[in-house]
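Peer 1: Predicted model follows, preceded by the sequence.
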Amino acid sequence: MNNKFIGDNVLSGLLRKNLILFACVVLFSCAGGDVKQQEYVAVDNKQAEHIFVDSDVESDFKSAVSLIEQEQYAQAVAVLKAVVAREQRLPAPYVNLAIAYSKLDDDKAAEENLINALKLEIGHPVANNELGLLYRRAGKFNAARTAYQNAIKDNPDYLPVKRNLGVLCDLYMHDYGCALEQFEDYLELKPDDKIMAIWVADVKRRLGK
């Protein structure tokens, strides 16, 4: 399964307020195969205080995001490594570095950088979602579940992780009660999602409801 791209915008060089904007493409599985969907989500960064971001660091970060968009992953890694050498207070560069490494099939480096991001913010939704997907691919289903649950604890409305936890519980762990809970929560937040409505009906059928 291919990985995803996220861009996390460092807020333009002044004092950073407690909001980070995420743009992420999440690849997830369903009974009919893989489905790709793009989500643009804003979430509170509860642990962040006002942080001054050097303009050169911000410029390099944006260049790295552009490189990822252009699928120039090795170049993005080089730029992001320079970014984190100068700025270790924000999770976004670590998350993007992890995604670039994942695209280069270096899951060990991807995991290390996601853990670095989570040391800064244990409930970071995108970092946990990425880590959950990485662990799921490695067959570490309990670890994947923990990562998803860490994201949901602080970000209960973050749809990609609720969907991916539901998929994990359904297809990989056969915990249909967990799957139904996540899918129903997702559908409540996004009631016009016809695919999710089908998933809910399917899990209910298997549970005899």
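Peer 2: Perfect, I can see it now.

Peer 1: what number of residues lie near the nearest residue to Ala179 once chain neighbours are set aside?
Peer 2: Leaving aside its chain neighbours, Ala179 sits nearest to Asp170 (3.7 Å; criterion: C-beta to C-beta, 6 or more residues apart in numbering). C-beta here means a position set from N, CA and C on the backbone, and glycine is covered the same way. The number of residues packed near Asp170 is 23, by other C-beta atoms under 10 Å.

Peer 1: May I ask you to confirm that Leu180 is in contact with Lys204?
Peer 2: Yes. Shown here, Leu180 and Lys204 form a contact pair, counting by C-beta atoms under 8 Å, at 6.6 Å.

Peer 1: returning to what we had before: how much space between the residue nearest to Ala179 and Glu184?
Peer 2: 12 Å (C-beta to C-beta, to the nearest Å).

Peer 1: got it, and Glu58?
Peer 2: Glu58 is 40 Å from Glu184, by C-beta to C-beta.

Peer 1: Run a quick neighbour tally on Ala109.
Peer 2: Neighbourhood size, Ala109 [other C-beta under 10 Å]: 16.

Peer 1: next one: Pro156
Peer 2: For Pro156, the neighbour count with other C-beta under 10 Å is 12.

Peer 1: Can you report phi and psi for the residue nearest the centre of the chain?
Peer 2: When C-alpha atoms, centre = their mean is applied to the chain, the residue found nearest the centroid is Val126 (2.7 Å). Reported as degrees, to the nearest 10, the phi and psi values for Val126 are phi -70, psi -40.

Peer 1: so where do the helices sit in this structure?
Peer 2: Here the chain has its helices, by DSSP state H, at 55-69, 73-86, 91-103, 107-120, 125-137, 141-154, 159-167, 176-189, 194-207.

Peer 1: Report the angle between the first one and helix 73-86.
Peer 2: It stands for helix 55-69. Put simply, helix 55-69 runs at 160 degrees to helix 73-86, going by axes from the mean of the first three to the mean of the last three C-alpha atoms, to 10 degrees.
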